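**Q** Quick one, what's the 3D model for this:
(chains A and B)
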2 protein chains.
Amino acid sequence: MNDKIIVLLKTGEFVSGEIIAEKLGISRTAVWKQIKSLKDIGYEIESVKNKGYRLILRPDIPLPQEIKSGLETKIIGKDVVYFNKINSTNIYCKNLAKENAADGTVVVADIQEKGRGRKSRAWSSPEGGLWFSVLLKPDIPPQNAMILTMAASISLVEAIKETTGLKPVIKWPNDLLINGKKICGILTELDAEMDKINYAIIGIGINVNNPMDKDLESIASSLKNESNNEVSRVELLKNILAKFDKNYDYVKSSDYEKIRNLWFSYANIIGKKVKVKREKDVLVGTVSDVDETGRLIVKTDSGFEKIISGDVNFL
Amino acid sequence: MNDKIIVLLKTGEFVSGEIIAEKLGISRTAVWKQIKSLKDIGYEIESVKNKGYRLILRPDIPLPQEIKSGLETKIIGKDVVYFNKINSTNIYCKNLAKENAADGTVVVADIQEKGRGRKSRAWSSPEGGLWFSVLLKPDIPPQNAMILTMAASISLVEAIKETTGLKPVIKWPNDLLINGKKICGILTELDAEMDKINYAIIGIGINVNNPMDKDLESIASSLKNESNNEVSRVELLKNILAKFDKNYDYVKSSDYEKIRNLWFSYANIIGKKVKVKREKDVLVGTVSDVDETGRLIVKTDSGFEKIISGDVNFL
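**A** The predicted structure is shown next:
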């Protein structure tokens, strides 16, 4: 209900409680209660007797009404679910998928208590960051799922660049770096048959304004640290969803080359020397490609190696 | 409890109710009740005053105690869950996977009310067939998941051959044919991240002794029809699990070549002319390979085509 009041409130002029009550078909006491709940969330609202209510400041919280306001996407973000605190947005999103949630549904939280990265590594998700998951239901086989992670990556690069002026670089397979430090990670999860994806969950974590752990300072950073400015999470998320909607359209129309070309231009790894730590050995070579299933193709002295996972360092 | 009594009962000689009661630490009335419940399931048990109980006939029902009796596997079938009737063994197995069930857990049912094949097609699963799912948790990336379907396929070929003398042929991607008719289908489902499978469910349906729909007679058959003999579902399932355990071991030790070579020898498709009906077109060519991600590589006049799904017909 309070998301409907927000649409009626204005930042310039007062709107009377009577008009709000009438438009929403509720009592004036109910209006007052909803205004109070908005203030509790973080909205600044001025109340003046005989004039009504006036919006002073919207909070920078990824609430559905804030994200959806002015968002002109076809699929991504048509449904947004927000939590102040949750175990993991990917887990919640998975459950929504099972209940047949729509393609493009977004789950976002201020705090994740059990945020996870690849290989079940913990992902610190305190207040001030952007932690969200996007449910996708494309008609593609699981062998092509990497194109979804690629589409997410380029959307993040484009949106971060537009919102902050910073230029992230994609680090295969699923991180974004700024000045060599990790800013963002992506965890793609699949539910699939051998020839078709039932659904994919793209989990995204971005260090925005959240404080960074001291012991991670040499390898990770936040958009605030790198830009020396507080970054609006709401603006950033809206921008990401808009870019993702556009790039997801390329996936849907099978224009993988468009996505791959953009990905390669932002990743800048072809011809780069790399060292790959694998479970059993260390491999040194030159990147020659990322194939359609997402494997890094590395040319070594003894031939071409296909890398599925592993810690990759540029030399 | 009644699975423990079955272990104590013998087919040759009588075992007294007193001994059973003592060994299981229950009353003689409880023994009598358990014997009655075994009879209700389908066990034939003779009771003679002052002598005790004697097993006359075991039912051909894939009950855990029957499947596990004498089964010497390392992983597959260490846990067996049986249902007389269930919606779908794959769905139940998925839920077990989420509750952290063990690698190799088997879910089997006499009747599936909502059995499914690929592309959400209905799969008729009446009494008399073998409908089961195997939970696998191998440490492999989703790109390699086809090796699991292949391992299942060759296990089925080997076990059916050994149990019935019939020689099934593998039809890419996931069916088994005898005399050109479909006998068995496999539905592999994945829960995965981009570089690791969380778990895979191998759903298997075999027409054993179940009656076949008249309108499917030209394309599908049962082991009973093809061999002119009733086939023991218990013996067949035990045999399949034993073969699968051996072949799953090759997956675990990364000996994919072993599995692929067997698969190709049972599939017999290299060099065969095929016609592939796809969503938008029909393609005619010669099979040159099945690649590591499971795609059928078909050589056409205009080059090589990679087929992920589609209806394939041999010419």
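**Q** so who does the closest residue in space to A:T293 that isn't next to it in sequence touch?
**A** Spatial nearest neighbour of A:T293, excluding adjacent residues (CB to CB, 6 or more residues apart in numbering or on different chains): B:Q143 at 4.8 Å. Yep, even glycine has a C-beta here, placed from its N, CA and C like the rest. Going by CB atoms under 8 Å, 6 or more residues apart in numbering or on different chains, B:Q143 touches A:143, A:293-295, A:308, B:292-293.
**Q** and B:Q143, which of the three is it?
**A** In three-state terms, and counting by DSSP: H, G, I helix; E, B strand; the rest coil, B:Q143 is helix.
**Q** roughly how far apart are it and B:L190?
**A** 11 Å (CB to CB, to the nearest Å).
**Q** Ok, A:N90 next?
**A** A:N90 sits at a distance of 16 Å from B:L190 (criterion: CB to CB).
**Q** ditto for A:L135
**A** A:L135 sits 17 Å away from B:L190, going by CB to CB.
**Q** before we move on, the earlier item: among the contacts of B:Q143, who's most crowded?
**A** Counting neighbours by other CB atoms under 10 Å in any protein chain shown, the top entry in these is A:G294, with 26 neighbours.
**Q** Which residues are in contact with the closest residue to chain B within the stretch 151-300 of chain A?
**A** Closest residue of the stretch 151-300 of chain A to chain B, CB to the nearest CB: A:D195 (3.6 Å). Taking CB under 8 Å, 6+ apart, we find A:D195 in contact with A:141, B:118-119, B:173, B:308-309.
**Q** Let me know the pLDDT of the closest residue in space to it that isn't next to it in sequence.
**A** Spatial nearest neighbour of A:D195, excluding adjacent residues (CB to CB, 6+ apart): B:S309 at 3.6 Å. Looking at B:S309, its pLDDT is 73.
**Q** what kind of secondary structure is B:S309 in?
**A** coil.
**Q** how deep is it tucked in, by neighbour count?
**A** 19.
**Q** So it sits against A:I197, correct?
**A** No: with contact defined as CB atoms under 8 Å, B:S309 does not count as touching A:I197 (11.9 Å).
**Q** Need the residues touching each of those two.
**A** Contact criterion CB under 8 Å, 6+ apart; residues shared by B:S309 and A:I197: A:P141.
**Q** hmm, back to that, identify, from the contacts of A:D195, the entry nearest to B:K275.
**A** B:K275 lies nearest to B:S309 out of these, by CB to CB, at 14.7 Å.
**Q** So that closest one versus A:E66, what's the distance?
**A** 41 Å.
**Q** What helix or strand is A:A102 located in?
**A** Under DSSP states H and E, no helix or strand contains A:A102.
**Q** In chain A, where is pLDDT below threshold?
**A** Counting by pLDDT under 70, chain A shows low-confidence ranges at A:1-2, A:310.
**Q** Mind telling me what element the residue nearest the centre of chain A is part of?
**A** In chain A, the residue lying closest to the centroid (CA atoms, centre = their mean) is A:I204, at 4.3 Å. Under the criterion of DSSP H and E, A:I204 resides in strand A:196-206.
**Q** Return the list of helices and strands in contact with the helix or strand that comes right after that strand.
**A** Next helix or strand after strand A:196-206 toward the C-terminus (DSSP H and E): helix A:223-227. Packing partners of helix A:223-227 (3 or more CB pairs under 8 Å, 6 or more residues apart in numbering or on different chains; DSSP states H and E): helix A:146-164, strand A:181-193.
**Q** The very next helix or strand once past helix A:223-227 and chain B, any residue contact?
**A** Going down the chain from helix A:223-227, the next helix or strand is helix A:233-252, by DSSP H and E. No: judged by CB under 8 Å from any CB of the partner chain, helix A:233-252 makes no contact with chain B; its nearest approach is 14.2 Å.
**Q** got the angle between helix A:233-252 and helix A:146-164?
**A** 150 degrees (axes from the mean of the first three to the mean of the last three CA atoms, to 10 degrees).
**Q** What are the buried residues along helix A:233-252?
**A** Across helix A:233-252, burial judged by 16 or more other CB atoms under 10 Å in any protein chain shown covers A:233-234, A:236-251.
**Q** Is chain B within reach of the helix or strand following it?
**A** Downstream of helix A:233-252, the first helix or strand assigned by DSSP H and E is helix A:256-267. No: Helix A:256-267 is not in contact with chain B by CB under 8 Å from any CB; minimum separation 13.1 Å.
**Q** Buried residues of helix A:256-267, list them for me.
**A** A:256, A:258-260, A:262-264, A:266-267.
**Q** Up against chain B, what does the stretch 51-200 of chain A have?
**A** So the stretch 51-200 of chain A meets chain B at A:118-119, A:141-143, A:145-146, A:149, A:173-174, A:187-196, A:198 (CB under 8 Å from any CB).
**Q** Weed out the non-buried ones from the residues you listed.
**A** Buried among those (16+ other CB under 10 Å): A:118, A:141-143, A:145-146, A:149, A:173-174, A:187-196, A:198.
**Q** Now name the helix or strand holding A:V287.
**A** Secondary structure (DSSP H and E) places A:V287 in strand A:282-290.
**Q** could you say what helices and strands that strand packs with?
**A** Strand A:282-290 packs on helix A:256-267, strand A:273-277, strand A:296-300, strand A:303-307, going by 3+ CB pairs under 8 Å, 6+ apart.
**Q** And the last one, what's buried?
**A** If you call a residue buried by 16+ other CB under 10 Å, then strand A:303-307 has these buried ones: A:305, A:307.
**Q** Mind listing the residues bridging to A:Y82?
**A** A:V108 (DSSP bridges).
**Q** ok, how many other residues are close to it?
**A** Residues near A:Y82, counting by other CB under 10 Å: 19.
**Q** and what of the one 3 residues further on?
**A** Neighbourhood size, A:K85 [other CB under 10 Å]: 11.
**Q** how about it, what does it touch?
**A** Here A:K85 is in contact with A:109-113 (CB under 8 Å, 6+ apart).
**Q** Okay, and it sits in which element?
**A** Assessed by DSSP H and E, A:K85 sits inside strand A:80-86.
**Q** roughly how far is that strand from the heart of the chain?
**A** Here strand A:80-86 is found 13 Å from its chain centre; the criterion is CA atoms, centre = their mean, to the nearest Å.
**Q** what about the helices in the stretch 1-150 of chain A?
**A** Along the stretch 1-150 of chain A, counting by DSSP state H, counting those that start in this stretch, helices occupy A:2-8, A:17-24, A:28-41, A:64-68, A:89-98, A:146-164.
**Q** right, so these: which one is the most enclosed?
**A** Highest mean neighbour count among those (mean count of other CB atoms under 10 Å in any protein chain shown): helix A:146-164, with a mean of 23.
**Q** so after it, what's the next helix or strand?
**A** strand A:169-171.
**Q** Now do the contacts for A:K39.
**A** A:K39 touches A:I45, counting by CB under 8 Å, 6+ apart.
**Q** That one and A:E46, how far apart?
**A** 10 Å.
**Q** Then A:I307?
**A** Per CB to CB, A:I307 is found 58 Å from A:E46.
**Q** can you check A:C93 too?
**A** 37 Å.
**Q** Relative to A:D291, how far out is the nearest residue to A:R118 once chain neighbours are set aside?
**A** Nearest non-adjacent residue to A:R118, counting by CB to CB, 6+ apart: A:L187, 6.0 Å away. To A:D291, A:L187 is 21 Å away according to CB to CB.
**Q** A:K273 too?
**A** Taking CB to CB, one finds A:K273 at 19 Å from A:D291.
**Q** Same question for A:L135.
**A** From A:L135 to A:D291 the distance is 26 Å (CB to CB).
**Q** The two: which has the busier surroundings?
**A** A:L135 (23 against 13).
**Q** which residues does the more buried one form a beta bridge with?
**A** A:I201.
**Q** Please list all residues in contact with it.
**A** A:93, A:96-97, A:101-107, A:199-201.
**Q** Swap in 6 Å and give it another go.
**A** Applying CB atoms under 6 Å, 6 or more residues apart in numbering or on different chains to A:L135 gives the contacts A:93, A:97, A:101, A:105, A:201.
**Q** Isn't the fourth one up against A:V80?
**A** I take that to be A:T105. No: using CB atoms under 6 Å, A:T105 is not in contact with A:V80; the gap is 7.7 Å.
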